[in-house]
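Student: mind folding the following:
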Amino acid sequence: MGLRAWAVWSVIGLALGCTGGGGGGGGGEPEDMGPSAEAMAAAEGLTGIVLAPASARLTPGVPRQFTAYGEYEGGEPRDITALATWTSTAPEVAEISNEPGSKGLATVHGTGAVTFRATLGEVHGELSFGGGCDYPEEFDAHFALGEVVAPFGFEPAYGANGEAVPFDMRALHCDESVRTFVFMFGTGWCGACSAMAQRLSQENAAIEAAGGKVILVELEDADSAPVDSDGARQHWDRLIGAGSTIVRVGDQSSTPGSNFVTSAARNIISGYPTTMIVRRSDMRIIAVNQPIMPVVSDPEADWTEPFIPPFTANCGPAQEEPGEPNDTPEQATPIAAGEFNGGICTPAPDFFQVDIDGPWRLTLNFTHSRGDLDVFVWDVTTEGPLQQNGQPVGSANIANQEQFEFAGPALVQVAGYQNASAEYRLTLEAL
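Tutor: Now for the predicted structure:
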């Protein structure tokens, strides 16, 4: 049951991740202290060395332990990790420890080609990484659905808790842990962008589990001025929380040039927010303004045609609220303090006109498993949720209740998220 000797594997990709330390020691040639008696004995009859795991993925900052198995003629393979001498062909890319107690432990510093070698006596085995990960060349300066996205990045980009993380599409192309990149292009003055960012934050765990990476790109601040990643981080942190693993960037910090995304994406941005999903394997833009979860769950499907989740009514005319039809701001139903039963029983939203001069609280109860509903104070000027201090006024979570507070007369919209349908109870309280 011998293992293949003198084996060299090529594993595609050094994945991009958070920078940080990892165990391990130097990657250069170790000081020659001479082989130990145990090593000399293990070298007797050795015919080959195989390194494992051959399918490993290297991520900067994440330690990875490798094992060396010796192959002996007529004998069982033997773990010789602690006896072999370990070296790296590119310590600047990845070191591999040759220190007693941590031999074979790799520490990755960046992306690029590297080969690890384990030697015992006159026999060695190798394991290579970084081959076959060249960025596709057939890209254009402008983004287009179905085409390879031009390589770009952000310096800096921010992850959880304000940590600066490397973000370069050429390097990310090598990250086999990611299947899709979900970009949301927004602005600081766009209420709908804030709501979308919060929605992505709530769905981020599911998106990551499906192999997606979410990137919030702010193109302008609340004053319509260009914004860098530091300004964008402060804005997005207020919306999604500083601890979120979503990447936050501003277009003024883009590479290869400042405000690159604003120029490159102008043909696909018809309004804000705009979402763009890139398939990592070939770096093609596979979807624009499509429902996120269906795309990240099946990135090989054809998403070039508009996809609208089918509407299935979970209620009927008998469950509609008093005042129906109230499907447009002009048809809004006036309401005072009290409780109101209703339903999103057609694809259209419901609008209510709150007639309370002072502060009030609105609570929307429904069964999320039947249909996900959201509620916002509606801004007829922007045709989106009203925004205050960079955040939408309303509630859009993934629980069975939405609740928020406001003051004074206001237009309120209740809507099904992505064509959802459900009955609801709306409670308005004067505070």
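Student: after the helix or strand of the chain with the lowest mean pLDDT, which helix or strand is next?
Tutor: When the helices and strands of the chain are compared on mean pLDDT, DSSP states H and E, strand 10-11 comes out lowest with a mean of 26. Per DSSP states H and E, the first helix or strand lying C-terminal to strand 10-11 is helix 37-43.
Student: now do that next one, average pLDDT.
Tutor: For helix 37-43, mean pLDDT rounds to 88.
Student: sketch out the strands for the stretch 151-300 of the chain, chain order is fine.
Tutor: With strands called from DSSP state E, counting those that start in this stretch, the stretch 151-300 of the chain shows them at 153-158, 164-168, 180-187, 212-220, 247-250, 254-255, 274-279, 284-288.
Student: gap between the fifth one and the chain center?
Tutor: Between the mean C-alpha point of strand 247-250 and the mean C-alpha point of its chain there is a distance of 11 Å (C-alpha atoms, centre = their mean, to the nearest Å).
Student: now what about it, what contacts it?
Tutor: Residues outside strand 247-250 that contact it (C-beta atoms under 8 Å, 6 or more residues apart in numbering): 154, 157-159, 165, 167, 213-219, 226-233, 236-237. Glycine gets a C-beta too; all of them are placed from N, C-alpha and C.
Student: ChimeraX command for the buried members of those?
Tutor: A single ChimeraX command selects the buried members of the contacts of strand 247-250 (16 or more other C-beta atoms under 10 Å):
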select :154,157,158,159,165,167,213,214,215,216,217,218,219,226,227,228,229,231,232,233,236,237
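Student: how near is the closest residue to residue 325 other than its chain neighbours to residue 322?
Tutor: In this structure, residue 325 finds its nearest non-sequential neighbour in residue 331, 5.7 Å apart by C-beta to C-beta, 6 or more residues apart in numbering. For residue 331, the distance to residue 322 (C-beta to C-beta, to the nearest Å) stands at 13 Å.
Student: quick one: which of these two has more around it?
Tutor: Comparing residue 331 with residue 322 by other C-beta atoms under 10 Å, the one with more neighbours is residue 331, at 14 against 10.
Student: confidence score at that one?
Tutor: As predicted, residue 331 sits at a pLDDT of 94.
Student: phi, psi of it?
Tutor: Backbone torsions of residue 331, given as degrees, to the nearest 10, read phi -100, psi 10.
Student: any idea how far it lies from residue 89?
Tutor: As judged by C-beta to C-beta, residue 331 and residue 89 stand 70 Å apart.
Student: what does the domain assignment say about the chain?
Tutor: 10-129, 153-297, 317-430 (automatic domain parsing).
Student: low-confidence ranges, the stretch 151-300 of the chain, go.
Tutor: By pLDDT under 70, the stretch 151-300 of the chain contains no weakly predicted segment.
Student: in the stretch 1-150 of the chain, where is pLDDT below threshold?
Tutor: For the stretch 1-150 of the chain, applying pLDDT under 70 flags the ranges 1-34, 55, 130-133.
Student: and the strands in it?
Tutor: Ranges of strands in the stretch 1-150 of the chain, per DSSP E, counting those that start in this stretch, are 10-11, 46-52, 64-65, 67-72, 78-79, 85-88, 94-96, 105-108, 114-120, 123-129.
Student: out of the ones you listed, which is the most enclosed?
Tutor: Most buried of the strands of the stretch 1-150 of the chain by mean neighbour count (mean count of other C-beta atoms under 10 Å) is strand 94-96; its value is a mean of 27.
Student: what's that one packed up against?
Tutor: For strand 94-96, the packing partners by 3 or more C-beta pairs under 8 Å, 6 or more residues apart in numbering; DSSP states H and E come out as strand 85-88, strand 105-108, strand 114-120.
Student: one more time with 7 Å
Tutor: The contact analysis (3 or more C-beta pairs under 7 Å, 6 or more residues apart in numbering; DSSP states H and E) places strand 94-96 against strand 85-88, strand 105-108.
Student: quick revisit: highest mean neighbour count out of the strands of the stretch 151-300 of the chain?
Tutor: Comparing these by mean neighbour count (mean count of other C-beta under 10 Å), strand 247-250 ranks first with a mean of 28.
Student: now that strand - C-alpha only, CSV.
Tutor: Extracted in CSV, the C-alpha atoms of strand 247-250 (Å, rounded to 0.1, in the frame of the first residue of the first chain):
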residue,chain,number,x,y,z
VAL,A,247,-15.6,44.3,3.9
ARG,A,248,-16.0,48.1,3.9
VAL,A,249,-14.4,50.3,1.3
GLY,A,250,-14.7,53.8,-0.2
